[in-house]
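K.L.:
I would like to see how this sequence folds:
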Amino acid sequence: PPAAAEGAQDVPDQLEAAWGFLSRHAADYGLTPDLSNLEHAGTSRTLLGTTFRFRQLLGGQEVAGGEIVVSVNDRGEVYQVYNNIHPVPAASAARATPAGQVVGREKALEVAWGALGAQGLLGEPEMALKYLPKAAGGFTLTYDVRLHVDRKTTGGAARPGLWQVLVDAVSGQVIGQPAEISINERRRKREGDEAYVEQPADLGTALSALRARQATRERAAAARA
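P.N.:
All right, here's what the predicted structure looks like:
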């Protein structure tokens, strides 16, 4: 646990208690004995004590949705555990995808952009490399790409939205269907059968236009200061 490396004086007693609990019960929760497949990802206070969230790792990368949450009271006693650690077959960590087999971030961005048929970029692209658990077991190294874009319906209407596109980091293929994260609350949800134009605009042009707008806003803010 990182408590040893960081120094006990830098680590809250409750966090040390949580790491110690996980170390003692590693086999019960599908953890490695040295807890190297965990990363402390968040802390929150409650009326009963302190809750710590630990993110699951595989080969140094996050496992999507994999986590274990430990709640510790002010006496240093664990009173609640929520476990969503995905089972890892023996030696899977050793078979984690080599870096040389992973497609580049630019390629993944192009694939996601094309999958949306995007026409304009409304915000900076966000990308995270993580392992996606398979329903049948095992994991797929995946780029989780978030794009705030304008899409055009086949009826000609422009439709802004924040979308998630999962791209296989080895094959460069889209996994499943793009999912819209933004929701129009007045309509509860987007129409699931909305048809969009498939031909995307030029990504380089869209990125340049976004950066130009950002620079204009920064100059305006500096002038007002």
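K.L.:
what's the average pLDDT for stretch 89-105?
P.N.:
Averaged across stretch 89-105, pLDDT comes to 70.
K.L.:
and that stretch, end to end?
P.N.:
Criterion C-alpha to C-alpha, to the nearest Å; first-to-last residue distance in stretch 89-105 is 28 Å.
K.L.:
next: stretch 104-124.
P.N.:
End-to-end for stretch 104-124, by C-alpha to C-alpha: 18 Å.
K.L.:
tell me the buried residues in stretch 162-171?
P.N.:
Leu162, Trp163, Val165, Leu166, Val167, Asp168, Ala169 (16 or more other C-beta atoms under 10 Å). Quick note: C-beta positions are derived from backbone N, CA and C, even for glycine.
K.L.:
so which of those are in helices?
P.N.:
Among the buried residues of stretch 162-171, none falls in helices (DSSP state H).
K.L.:
quick one: which of the residues you listed is nearest to Leu31?
P.N.:
Proximity of the buried residues of stretch 162-171 to Leu31 was ranked by C-beta to C-beta; the top entry is Ala169 with 24.7 Å.
K.L.:
average pLDDT across the longest helix along the chain?
P.N.:
What stands out as the longest helix in the chain, according to DSSP H, is helix 203-224. Mean pLDDT, computed over helix 203-224, is 91.
K.L.:
so what's Gln14 up against?
P.N.:
Applying C-beta atoms under 8 Å, 6 or more residues apart in numbering, we find Gln14 in contact with Gly49, Thr50, Phe52, Val72, Asp74, Gly76.
K.L.:
what of Pro178?
P.N.:
Here Pro178 is in contact with Ala112, Ala115, Leu116, Trp163, Gln164, Val165 (criterion: C-beta under 8 Å, 6+ apart).
K.L.:
in three-state terms, how would the residue nearest to the spatial centre of the chain be classified?
P.N.:
Per C-alpha atoms, centre = their mean, the C-alpha nearest to the average position across the chain is that of Ala128, at 5.6 Å. Judged by DSSP: H, G, I helix; E, B strand; the rest coil, the three-state class of Ala128 is strand.
K.L.:
so how far is Gln214 from it?
P.N.:
For Ala128, the distance to Gln214 (C-beta to C-beta, to the nearest Å) stands at 21 Å.
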